[in-house]
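>>> what follows is a predicted structure for the sequence shown.
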Amino acid sequence: MFESAELGHKIDKETFRVEEPKLRAALLEAQERLRENGSFPVIILISGVDGSGKGETINVLYEWMDPRYLSTHAFYAPTAEERARPSMWRYWRALPPKGRTGIFAGSWYSQPIAERINNSMSRSDFDQRMDQLNRFEAMLVNEGALVLKFWIHLSKDAQRERLKTIETNPLTRWRVTKASWDRLKTYDKMQEVAGHLLRTTNTPWAPWIIVEGTDDRYRSLTVGKTILESLQKRLADKRDQNSPVAPPFSPRVDRLDVLSSLDMTQSLTKKVYETELATWQGRLAELMRHPEFKKRALILAFEGSDAAGKGGAIRRVMSAMDARQYQIIPIAAPTEEERAQPYLWRFWRHMPRLGRVVIFDRTWFGRVLVERVEGFCSEADWLRAYAEINDFEHDIWHAGGIVIKFWLQISDEEQLKRFEERAQIEHKRFKITEEDWRNREKAEAYHQAVCDMVDRTSSGTAPWTIVESNDKYFARIKVLRTICERLERELKVDPMKEVKVAAPRAGKAGSVKDLAGDETQDTKADSGKESKTQKAKDLRAEKVRAAKEAKALKAAEASGKASATV
């Protein structure tokens with residue numbers, strides 16, 4: 001893997017003196033065109049062995065290019081703040097916006113390499129991590145980024161000599177530490193791990209460029225010219241960077257799907273609702289204060305039809321939590337800052353630390369819903385978004401996050417009724433807009449998009465829960481109960497005892513299930529059994545009351561006779 005980088009590549013001073021000015025001028029011109037074009041960012045990874053000249057390479061780039069449009073990020077062992085969040089969180093925050101260049105000194109590869117060298121990560125886990133990083137980089141490229149990955153290489157003897165040279169120079173001695181010499185002892189292990197990493201992550205969309213680091217002039221010219229040629233080629237490429245890679249989904253010929261099969265008649269009386277509300281809010285408050293929750297984070301994602309009651313459900317969840325513990329993120333059309341970043345960037349930056357809660361009112365599923373239906377993104381964008389979203393949610397779960405997703409569904413008739421009510425009630429008029437009325441005309445397209453979304457993004461670690469929301473009371477209780485029961489499973493807490501079943505007021509009893517197959521409410525059969533049991537209890541209670549009344553009546557008659565005798 002490194003044979004070509006151990007041949008002793010060198011550039012003489014005269015050649016460098018001639019090439020450098022031309023390269024600098026061309027880089028500045030390309031950088032200006034990139035800034036004016038503003039359609040993609042450039043991400044440069046500078047990795048390699050100790051003493052290979054990674055820092056000097058970055059310094060040269062700052063000298064040759066306009067530093068106002070460069071940013072550099074160095075990543076070391078994760079801080080306490082970073083360890084409390086998903087591992088990719090700190091890299092997402094450092095991504096450059098479109099039109100800019102970001103240089104990563106060390107990168108998302110540094111930590112896995114270190115863990116593999118000291119044997120704290122198994123080979124299978126390492127391979128799995130590399131596969132995740134391949135998908136991450138594919139997402140960046142699909143979002144338009146130009147990703148350039150440089151590995152600056154030294155042979156073992158060359159590294160030893162270079163460390164000695166740096167250490168003997170009073171101006172650079174500070175750069176060589178005991179850790180540098182210690183890492184030289186693990187050179188062979190490093191080369192084994194690095195070679196495997198480069199082979200498994202050398203992809204067509206983000207290939208590795210291996211550069212020999214023995215000669216400073218050769219290294220600088222090689223990196224500079226590679227960046228220039230890549231930039232020029234990309235700026236000159238007028239092709240559509242996003243083209244469909246697969247046909248759309250097949251139609252459902254029998255019209256049966258996860259939405260059309262719902263029982264929308266389920267409802268609760270106000271009295272039952274108030275009892276259930278107090279029960280589940282109390283349980284949620286207990287779970288939020290459980291010691292095990294400090295090791296987890298909760299991410300609640302609310303999607304649903306217009307006027308389905310997302311706001312009301314969110315308020316009932318909020319009421320059970322400490323306001324210092326949660327944050328609500330309302331999602332609207334992306335801002336200019338957000339449009340300059342990969343799609344998922346604006347959601348990554350709101351990920352909570354352990355022990356905290358984030359509630360999203362509308363979510364990252366906008367790409368496969370409104371953007372798909374309204375044509376705000378290309379077909380290729382929303383087709384690949386399903387896999388990217390699944391990776392995103394898996395990263396959250398792997399870091400201790402608990403993702404609970406709700407889709408609140410109402411019938412067209414109920415939606416029209418609520419729209420008309422909102423238009424008449426003064427304090428609710430702000431909730432209804434022309435866009436809401438227009439969306440009703442695209443109900444079928446949204447129906448199809450929702451079904452596709454549920455089918456392709458409901459996973460074992462982040463299942464969807466569809467909430468029948470024609471009755472707001474029923475919907476709110478189902479949301480609260482689902483959250484509590486999921487937390488009980490995740491925190492390994494015993495379920496709440498003697499939970500009263502939220503019996504429907506009308507229609508058949510429905511089962512509240514998430515789409516991973518976990519039941520969150522009793523089935524019809526169980527409801528029937530409980531109904532018979534309740535009737536038997538009521539009959540026994542009636543007999544007891546009758547016996548007590550008869551006994552009281554006899555006592556009164558006896559008392560009356562005694563009074564007459566006296």
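Nice, thanks for sending it over.
>>> after the helix or strand encompassing Ala114, next one along is what?
Taking DSSP states H and E as the criterion, Ala114 maps to helix 110-117. Next in sequence after helix 110-117, counting helices and strands by DSSP H and E, comes helix 123-142.
>>> which residues touch Gly144?
By C-beta atoms under 8 Å, 6 or more residues apart in numbering, the contact list for Gly144 reads Ser39, Phe40, Pro41, Lys98, Gln241. Using the backbone N, CA and C atoms, a C-beta is placed for each residue, glycine as well.
>>> run a quick neighbour tally on Ala94.
16 (other C-beta atoms under 10 Å).
>>> go on, Arg255?
Neighbours of Arg255 using other C-beta under 10 Å come to 7.
>>> am I right that it is in a strand?
No. Counting by DSSP: H, G, I helix; E, B strand; the rest coil, Arg255 is not part of a strand but coil.
>>> before we move on, back to that, buried subset of the contacts of Gly144 as a ChimeraX selection?
Of the contacts of Gly144, the buried ones can be selected in ChimeraX as follows, counting by 16 or more other C-beta atoms under 10 Å:
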select :40,41,98
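>>> kindly reformat the contacts of Gly144 as a markdown table containing pLDDT.
Below are the contacts of Gly144 laid out as a markdown table (pLDDT from 0 to 100):
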| residue | pLDDT |
| --- | --- |
| Ser39 | 90 |
| Phe40 | 94 |
| Pro41 | 97 |
| Lys98 | 96 |
| Gln241 | 59 |
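>>> make TSV out of the contacts of Gly144 and add distance to Arg129 and secondary structure.
Below are the contacts of Gly144 laid out as TSV (distance: C-beta to C-beta, whole Å; DSSP: H, G, I helix; E, B strand; the rest coil):
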residue	distance to Arg129	secondary structure
Ser39	31	coil
Phe40	26	coil
Pro41	24	coil
Lys98	28	coil
Gln241	27	coil
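>>> now flag whichever of the contacts of Gly144 is closest to Trp181.
Pro41 (37.3 Å; C-beta to C-beta).
>>> pull the contacting residues for the closest one.
For Pro41, the contacting residues are Leu95, Pro96, Pro97, Lys98, Gly99, Arg100, Thr101, Gly102, Gly144, Ala145, Leu146, Ala340, by C-beta under 8 Å, 6+ apart.
>>> rewinding a little: for the helix holding Ala114, what is the average pLDDT?
Mean pLDDT, helix 110-117: 91.
>>> with stretch 329-346 instead?
95.
>>> what residues sit buried inside that stretch?
For stretch 329-346, by 16+ other C-beta under 10 Å, it's Ile329, Ile331, Pro334, Ala340, Gln341, Pro342, Tyr343, Leu344, Trp345, Arg346.
>>> as CSV, the contacts of Pro41 with distance to Gln281 would be great.
Listed next are the contacts of Pro41 as CSV, based on distance: C-beta to C-beta, whole Å:
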residue, distance to Gln281
Leu95, 39
Pro96, 44
Pro97, 42
Lys98, 44
Gly99, 48
Arg100, 46
Thr101, 50
Gly102, 45
Gly144, 45
Ala145, 44
Leu146, 50
Ala340, 41
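>>> tell me which two of the buried residues of stretch 329-346 sit farthest apart.
The most widely separated members of the buried residues of stretch 329-346 are Ile329 and Ala340, with 19.1 Å between them, by C-beta to C-beta.
>>> where exactly do the strands run in the stretch 351-500 of the chain?
For the stretch 351-500 of the chain, the strands defined by DSSP state E, counting those that start in this stretch cover 357-361, 401-409, 464-468.
>>> mean pLDDT, mean neighbour count and distance to Lys295 added to those strands, as CSV?
Below are the strands of the stretch 351-500 of the chain laid out as CSV (pLDDT from 0 to 100; neighbours: other C-beta atoms under 10 Å; distance: least, C-beta to C-beta, whole Å):
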stretch, mean pLDDT, mean neighbour count, distance to Lys295
strand 357-361, 98, 20, 14
strand 401-409, 97, 23, 11
strand 464-468, 97, 24, 24
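>>> nearest residue to Asp131 other than its sequence neighbours?
Thr200 (7.8 Å; C-beta to C-beta, 6 or more residues apart in numbering).
>>> with Pro96 instead?
Sequence neighbours aside, Gly102 is the residue nearest to Pro96 in space, at 3.4 Å (criterion: C-beta to C-beta, 6+ apart).
>>> so that neighbour bridges to which residues?
Ile43, Ser71 (DSSP bridges).
>>> just checking, it touches Leu61?
No. Here Gly102 does not reach Leu61: they are 11.5 Å apart, not a contact under C-beta atoms under 8 Å.
>>> and the closest residue to Phe126 other than its chain neighbours, how far is that from Ile329?
Excluding the flanking residues, the one nearest Phe126 by C-beta to C-beta, 6+ apart is Arg116, at 4.9 Å. In this view, Arg116 and Ile329 are 36 Å apart by C-beta to C-beta, to the nearest Å.
>>> and what of Arg296?
Relative to Ile329, and taking C-beta to C-beta, Arg296 is found at 19 Å.
>>> Ile389 contacts Val368, doesn't it?
Yes. Using C-beta under 8 Å, Ile389 makes contact with Val368 at a distance of 7.5 Å.
>>> shared neighbours, the two?
Thr457.
>>> just give me the neighbour total for Lys295.
11.
>>> ugh, wrong one, Gly400
The number of residues packed near Gly400 is 16, by other C-beta under 10 Å.
>>> and it, how far from Arg346?
Taking C-beta to C-beta, one finds Gly400 at 22 Å from Arg346.
>>> then Ile314?
Counting by C-beta to C-beta - Ile314 and Arg346 are separated by 19 Å.
>>> with Arg90 instead?
Distance from Arg90 to Arg346, by C-beta to C-beta: 16 Å.
>>> ok, now Arg362?
Arg362 is 12 Å from Arg346, by C-beta to C-beta.
>>> buried residues in stretch 36-50?
Judged by neighbour count (16+ other C-beta under 10 Å), stretch 36-50 contains these buried residues: Phe40, Pro41, Val42, Ile43, Ile44, Leu45, Ile46, Ser47, Gly48, Val49, Asp50.
>>> tabulate the residues you listed (CSV), appending distance to His153.
Converted to CSV, the buried residues of stretch 36-50 look like this (distance: C-beta to C-beta, whole Å):
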residue, distance to His153
Phe40, 28
Pro41, 27
Val42, 23
Ile43, 21
Ile44, 17
Leu45, 14
Ile46, 12
Ser47, 10
Gly48, 6
Val49, 7
Asp50, 12
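>>> from those, pick the one nearest Met139.
Once C-beta to C-beta is applied, the member of those that ends up nearest Met139 is Ile43, at 11.9 Å.
>>> which of the buried residues of stretch 329-346 fall in strands?
Ile329 (DSSP state E).
>>> any chance of the buried residues of stretch 329-346 in a markdown table with distance to Glu421 as columns?
Shown next, in a markdown table, are those (distance: C-beta to C-beta, whole Å):
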| residue | distance to Glu421 |
| --- | --- |
| Ile329 | 27 |
| Ile331 | 25 |
| Pro334 | 31 |
| Ala340 | 40 |
| Gln341 | 39 |
| Pro342 | 40 |
| Tyr343 | 35 |
| Leu344 | 36 |
| Trp345 | 38 |
| Arg346 | 33 |
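>>> what is the nearest of the buried residues of stretch 329-346 to Lys10?
Pro342 (39.5 Å).
>>> that closest one contacts Glu143, correct?
Yes. Here Pro342 reaches Glu143: they are 4.1 Å apart, a contact under C-beta under 8 Å.
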